[in-house]
Each structure stands twice: as C-alpha cells, then as structure tokens.
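1. Sequence plus predicted model, see below.
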Amino acid sequence: MSPPISRFSHLDAAVYLLDADTLRCEYANVAAQRDLQYSMAELCELMPRDDVPGFAAESLWSMQSPLRAGEKREVKGKTYFRRKDGTIFPVAVRLHLWQGSGKSLLIILANDITRHFTGEISGQVVQRERPEGSGRTGRGEAYPPAVISNAPGMVFQYVLHEDGNHSMPFVSDQCVNLLDIAVKELQANPALLLDLVLPGEDRESLRQSRAHSAASLTTWNWEGRLWIESYRDTKWVSLRASPRREPGVGVIWEGIIINVTQSRRRETELKESHERLKEVSSHVMAAREHERIRIAREIHDDLGGNLTAIKIDLDWLARHAGEGGSDGRKEGAALQAKVRTVSHMVDRTMHSIQRICRDLRPGIMDFGIVAAIEWESGEFAKRLGIPCEVVCAEQDIDLEPDIAVAVFRIFQEALTNISKHAHASCVWVNLHAAQGQLELEVRDNGCGIMFPDRMKLDSFGIRGMIERARLLDGKLTVGGGQKQGTTVLLSIPLVPEPGDPVAESVILLSKARQP
C-alpha cells in the first residue's frame with residue numbers, strides 16, 4: 001500500500017513525506033516547495049544533509065518517538081525551517097506516522113506562523129522577535145530551543161546592512177549572563193556590544209576582523225576583552241561566527257560568543273610563571289658565572305701567589321745546597337735533587353691552577369667574544385690536532401658581558417661534544433651579526449648525530465645549550481644525520497625586545513657586577 005500523496009498536493013499547508021528511518025525526503029507538495037524555495041527534486045537530493053535545508057533533524061527525531069511507540073497517533077509542535085536564501089522562519093507542525101510493507105514514512109504538515117511575529121528586517125531576513133530560546137548555530141541550521149538554551153555562550157545573529165547600519169535580529173538569553181545586558185536592550189541598540197570592548201587594540205582588532213570576514217566571507221574569529229561595569233572587571237570572550245551575503249540586505253553572521261576569562265587567566269598565570277622561572281634561571285646562571293670569576297681570582301691571587309713564593313724559596317735552596325765540605329756536597333746533591341723534584345711539582349700545580357682559572361673564566365673574554373671564540377678554537381686545535389677554522393667579518397661584536405659568556409659557554413660545549421662523539425677531521429665556525437641577530441654556527445664533518453640521540457634523557461650538554469639560548473630569547477638547533485656531520489646553529493637578538501624582563505634583568509645584573 002502507498003501513502004495517499006494525491007491527497008496532499010492541493011493543500012495550503014506544506015506537506016513533507018520523509019523516510020521515518022533516514023529522514024530522507026520522499027515528497028514535498030507545492031506549498032512546501034514554495035516555503036523552502038527548493039524544488040522537490042532538490043529536496044530529495046539534499047535531505048537529510050545537516051547544512052541544507054533547515055530541517056531540525058534532532059527535533060524531528062524526538063517528536064516522532066511517541067508515534068513509533070504507539071503512544072500517539074498525532075504529534076503537534078513548533079520548530080524552525082530554513083529557506084534556500086538562508087532565512088529562517090517559525091512553523092507549527094503536525095506529525096503522523098504511516099507504516100506500510102517494509103517502509104515507514106513520517107508525514108509532516110507545516111504551517112508558516114511568521115504572521116504571528118513582528119519586526120521583519122527588510123522584508124526578507126529573519127524576524128526580529130521569535131519564541132523564547134530559539135536560534136541558529138554558526139552554520140545556519142535551525143535548532144530547537146533546548147539546543148540554544150544549553151549552548152555554552154551567547155548565540156546571536158548579526159546583520160551588517162548595505163547602508164552601513166547594523167542590527168541583531170536574534171540574541172539568546174545568555175546575553176544577560178555574559179554581557180549584563182537585556183536581550184531586547186541589545187537588539188534595540190547593537191552598538192552596546194562594541195561599547196563594551198576595551199578601547200584601543202581590542203576594539204580595533206574587532207573592527208578589522210569583522211571587516212575581513214565581510215570582505216572575504218570567511219569565519220569571523222575574534223578574541224578580546226570586555227569591560228563589564230556592574231562587575232567592575234574585564235572579561236575575555238571568544239567570538240566565532242559564519243557569514244553569508246544576502247542581496248539587498250548585506251552580510252549576515254550567525255555565531256556564538258563564549259566567556260574564556262578563566263582559560264585566559266590560567267594562560268596569563270602560566271606565562272607569568274614561566275617568565276619568573278626564566279628570571280630565576282637567568283639570575284642563577286649569571287650568579288654562577290660571577291662566582292666562577294671570583295673563585296678564579298681567589299685561586300690565582302692566593303694559591304698562585306703562595307706557590308710562586310714557594311718556587312722562589314726552592315730556587316734559593318737549590319743554589320745554597322752544595323756549599324760546605326765533601327760531606328756537605330754529597331748531602332747538597334741529594335738536597336738539590338729533592339728540591340728539583342718539589343720544584344717540578346710546583347710547576348705542574350701552577351699549570352693546573354692556570355688551566356682551572358682559564359676554564360672558570362678565560363681572561364681572553366676581556367678582549368671580546370670574537371677574540372674568545374678564535375682563542376678557544378686555537379686551543380681546541382692544539383689539544384686534539386683537529387683544524388678549527390673561524391670565519392667572522394667583524395673584528396668584535398659588542399655584547400653585554402653575561403651574554404658574551406653565555407655564547408662562549410655554548411661554543412665550548414659544542415666543541416666538547418665534537419671531541420667526545422663526532423670523530424671529525426675538521427671543524428668550521430662562522431660568527432656574524434646582522435639585522436639585529438647574532439648567529440654562531442659550528443659545523444663538523446664527523447659521523448653526525450641522529451634525531452633519537454638528540455632526544456635522549458641524558459643529553460645534558462645539548463639541553464644546557466638550548467636552555468642557555470632560551471634564556472637569551474634566542475634559538476639553538478642541532479642538525480645533521482649519519483655520516484653527514486653535525487651543525488649547531490645559535491641565533492640570539494643583539495638588542496632585547498622592549499619590555500622583556502628577562503633580557504633586561506640579565507643586562508642590569510651584568511652592569512651591576514662590573515668592577
């Protein structure tokens with residue numbers, strides 16, 4: 001048995017026959033086609049897609065449940081349909097369930113009840129007033145009141161008319177909670193929303209994002225701050241809306257505004273925590289370098305001075321040990337041998353002290369970073385017999401002392417890694433400053449470093465270099481592959497960005513500790 005389609009063809013009410021299991025359109029009479037502005041062929045092809053037309057599938061599923069359960073023979077209700085031109089309109093519907101052999105059809109009789117509402121926009125856009133809780137999502141589908149009322153923010157429709165005026169035909173009840181403005185008040189004066197936005201960067205970014213969305217018909221995305229007078233506080237909100245252009249009307253957005261204050265505050269607190277941690281790390285690193293300098297001075301001045309005095313006394317003993325008779329000469333020879341032994345030990349100790357002082361703080365650092373890099377490269381070549389070629393166009397690069405020390409330590413660690421792991425036969429160093437950036441490149445022709453090796457938990461050398469670079473607001477990368485050698489590239493700003501507390505604290509600490 002087939003449903004009596006001919007019975008519906010001449011009704012004034014819109015009639016739809018939908019597959020009850022899939023909601024696919026099987027038939028729509030002339031009134032239905034006129035209401036939705038689609039032909040029956042188009043409706044059969046489009047439905048039940050989520051974006052067009054505006055049948056609220058969720059509402060239809062829930063409304064037909066009593067029919068399927070046999071609890072009712074007819075279900076009445078109200079919902080919203082969307083026309084082909086994008087406008088939405090309220091309808092009163094009656095649903096019946098027809099069941100045939102192996103097929104069930106949902107019969108919908110829909111009456112447009114727009115006449116019960118006032119305030120049409122230009123005669124062709126959505127109505128200014130609708131039943132409480134109605135609305136649409138950013139993609140334009142019509143949703144039942146429950147969806148709007150449970151939305152996590154304020155659902156709205158915003159129209160930028162061709163004459164430059166704007167209006168808000170629909171605003172959900174969340175407007176009061178979010179903006180502390182009544183729905184009708186905001187609809188009567190949409191400029192109130194812009195007035196809440198903090199003047200300056202926030203308000204300008206809102207205007208620019210709206211203009212860009214209107215010009216390109218891309219999603220309107222904006223995040224900014226609102227001043228809520230009743231709270232005497234600011235709120236961070238996120239706006240997301242989808243636009244469409246209607247001839248003779250303008251650009252229409254449907255979307256949602258969500259309160260993101262808590263997440264923004266957490267982000268701010270986390271960022272401030274990171275900045276404080278960077279400040280502490282910078283202070284500790286700078287303090288450690290200055291402590292090294294102090295220890296080097298103490299070792300050089302105290303131990304070095306004492307050993308020098310011992311060396312002088314030993315030389316005196318050696319000169320006078322052979323005086324006297326033959327017995328004295330024999331004893332003197334033995335004494336001279338002992339003095340020479342002790343003197344050699346003193347010499348070795350003095351060399352060790354010089355090396356420790358040099359490692360703690362090379363005196364060459366007083367001559368600038370370029371001289372220090374060249375000197376360390378020469379020492380590396382002498383120790384290991386590996387040529388280390390340095391290229392630098394500048395005679396010197398002006399750096400704050402603590403920053404210069406950090407760059408030098410990174411360079412030392414790069415050479416240490418080459419000596420331990422690279423098995424290289426040549427090293428190339430390139431140091432230059434350009435466009436406000438200092439770049440140091442250390443490259444070898446060794447066995448290379450693989451990505452898993454860089455990610456090892458015990459790769460403290462590489463991690464230390466990266467951390468030092470990060471504290472200088474710079475970046476350090478380690479690249480290379482098997483048998484391709486390894487390249488360490490450091491890039492740091494020569495001038496700290498305005499308002500950067502970490503870089504400024506490093507500079508201030510450096511200046512404060514200069515003798």
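-> Received it, and whenever you're ready, just let me know what you need. Keep in mind that this is a model prediction, so the values were computed, not measured.
2. what about A110, neighbour count?
-> 22 (other CB atoms under 10 Å). (Glycine included, C-beta is placed from N, CA and C.)
3. got the buried residues for the helix or strand containing A381?
-> In this assignment (DSSP states H and E), A381 forms part of helix 369-384. Across helix 369-384, burial judged by 16 or more other CB atoms under 10 Å covers 369-377, 380-381.
4. before we move on, what about stretch 18-27?
-> Quick answer for stretch 18-27 (16+ other CB under 10 Å): 18, 20, 23, 25-27.
5. what does stretch 90-110 give?
-> Going by 16+ other CB under 10 Å, stretch 90-110 has these buried residues: 90-91, 93, 95-98, 105-110.
6. Keeping just the C-alphas, turn it into CSV.
-> Output of stretch 90-110 as CSV, limited to C-alpha atoms (Å, rounded to 0.1, in the frame of the first residue of the first chain):
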residue,chain,number,x,y,z
PRO,A,90,8.9,29.5,12.6
VAL,A,91,6.4,26.8,11.7
ALA,A,92,3.7,24.8,13.5
VAL,A,93,3.9,21.2,12.6
ARG,A,94,1.7,18.1,12.9
LEU,A,95,3.4,14.7,12.5
HIS,A,96,1.8,11.4,11.6
LEU,A,97,3.5,8.0,11.1
TRP,A,98,2.5,5.9,8.1
GLN,A,99,3.6,2.3,8.1
GLY,A,100,3.5,0.2,5.0
SER,A,101,5.0,-3.1,3.9
GLY,A,102,8.7,-2.8,4.9
LYS,A,103,8.6,1.1,4.9
SER,A,104,7.7,3.8,7.3
LEU,A,105,7.0,7.4,6.3
LEU,A,106,6.9,10.5,8.5
ILE,A,107,4.1,12.8,7.3
ILE,A,108,4.7,16.4,8.3
LEU,A,109,2.1,19.2,7.8
ALA,A,110,3.8,22.5,8.4
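7. Stretch 385-405: end-to-end distance?
-> End-to-end distance for stretch 385-405: 25 Å, by CA to CA, to the nearest Å.
8. quick revisit: which among the buried residues of stretch 90-110 gets closest to L178?
-> Nearest to L178, judged by CB to CB, of these is P90 at 24.8 Å.
9. What helix or strand is the closest one located in?
-> Assigned by DSSP H and E, P90 falls in strand 88-100.
10. pLDDT score for the residue nearest to the spatial centre of the chain?
-> The C-alpha lying nearest the average C-alpha coordinate of the chain belongs to E267 (CA atoms, centre = their mean; 10.5 Å). Looking at E267, its pLDDT reads 80.
11. now the helices: where do they sit in the stretch 301-450 of the chain?
-> In the stretch 301-450 of the chain, the segments counted as helices under DSSP state H, counting those that start in this stretch are 304-320, 326-360, 369-384, 401-417.
12. If we go by neighbour counts, what in the first one is buried?
-> The one in question is helix 304-320. Buried residues in helix 304-320, counted by 16+ other CB under 10 Å: 304, 307, 310-311, 314, 317-318.
13. Would you agree V159 is in contact with H166?
-> Yes: using CB atoms under 8 Å, V159 is in contact with H166, at 6.3 Å.
14. So the residue nearest to the centre of the chain, which state does it fall into?
-> Taken by DSSP: H, G, I helix; E, B strand; the rest coil, the conformation at E267 corresponds to helix.
15. Please report how far it lies from L226.
-> Going from E267 to L226 by CB to CB, to the nearest Å gives 17 Å.
16. Also R276?
-> Counting by CB to CB, the gap from R276 to L226 is 28 Å.
17. Show the model's pLDDT score for the nearest residue to S377 once chain neighbours are set aside.
-> Excluding the flanking residues, the one nearest S377 by CB to CB, 6 or more residues apart in numbering is C388, at 4.1 Å. For C388, the model assigns a pLDDT of 94.
18. and C388, how far is that from V370?
-> 14 Å.
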